[in-house]
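Q: sequence? don't have it. structure:
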């Protein structure tokens, strides 16, 4: 299988069907050989019902369900654990990053990179966000680079793609089950020596039902950076060095 797309879905009943349709149409521009995995858990709305209805109409779509509340990070770990594609991508269910970048990510990985990610903070990007969101985003990524030694400009972007061997090798070292998963997986991949390409994007932050509280998330993410630094100095100290 050429491509797997993992979509973590929580409180997504209003837009999930359109998201899967848009993702499918983009992939079909360059391949018919793909799978889409919708990963969800206990929801306060009809996300699971909608996901099952979508899968019933398309054999390339499957639903991975857990009978409890599943955080974004855990959903991604579960989804990538089941994905089979030679290239494996995740996109947020609200499609803040347009589906057209799926093709761009695939091209970068096919050109030789192990990982390709969309980057709002790439100098060539023209992505409009509210000032507070942009300021917190840039500050967070600067903290990651200073404390963890990262080289990427945008760790928390909503679309990332991996060669199968890269995600499978990195995944066992990732513990976060919430929003820090993005940063953790990329830092582990950097420490393992995998190459990462940041893809510039255009667009704007169009709210489509995100469940993220940006201020509480910022505080949580900072604490997670410090925890990962501690792990790097202890259990992960030899990662990529032996």
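A: Received the coordinates, thanks. None of these values were measured; they are calculated from a predicted model.
Q: the strands in this protein, which residues?
A: Assigned by DSSP state E, the chain shows strands spanning 3-8, 34-40, 61-65, 87-91, 115-119, 126-128, 159-163, 196-200, 202-204.
Q: Take those strands and lay them out in CSV including mean pLDDT, mean neighbour count and distance to residue 144.
A: Where you see a C-beta, it was placed from the backbone N, CA and C, and this is true even at glycine. CSV is the format used below for the strands of the chain (pLDDT from 0 to 100; neighbours: other Cβ atoms under 10 Å; distance: least, Cβ to Cβ, whole Å):
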stretch, mean pLDDT, mean neighbour count, distance to residue 144
strand 3-8, 98, 26, 21
strand 34-40, 98, 25, 25
strand 61-65, 98, 19, 29
strand 87-91, 98, 26, 19
strand 115-119, 97, 26, 13
strand 126-128, 84, 14, 19
strand 159-163, 98, 26, 15
strand 196-200, 97, 20, 13
strand 202-204, 83, 13, 23
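Q: want to try JSON lines for these, with distance to residue 16 as columns?
A: Shown next, in JSON lines, are these (distance: least, Cβ to Cβ, whole Å):
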{"stretch": "strand 3-8", "distance to residue 16": "8"}
{"stretch": "strand 34-40", "distance to residue 16": "7"}
{"stretch": "strand 61-65", "distance to residue 16": "11"}
{"stretch": "strand 87-91", "distance to residue 16": "12"}
{"stretch": "strand 115-119", "distance to residue 16": "20"}
{"stretch": "strand 126-128", "distance to residue 16": "23"}
{"stretch": "strand 159-163", "distance to residue 16": "16"}
{"stretch": "strand 196-200", "distance to residue 16": "24"}
{"stretch": "strand 202-204", "distance to residue 16": "20"}
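Q: wait, which of those is closest to residue 182?
A: Nearest of the strands of the chain to residue 182, taken as Cβ to Cβ: strand 159-163 at 7.0 Å.
Q: Work out the gap between that closest one and the centre of the chain.
A: Here the centre of strand 159-163 is set off from its chain's centre by 7 Å, with Cα atoms, centre = their mean, to the nearest Å.
Q: so what strands line up beside that strand?
A: strand 87-91 (antiparallel), strand 115-119 (antiparallel) (DSSP bridges).
Q: Out of the ones you listed, which is closest to residue 41?
A: Nearest of the strands paired with strand 159-163 (Cβ to Cβ): strand 87-91, 16.0 Å.
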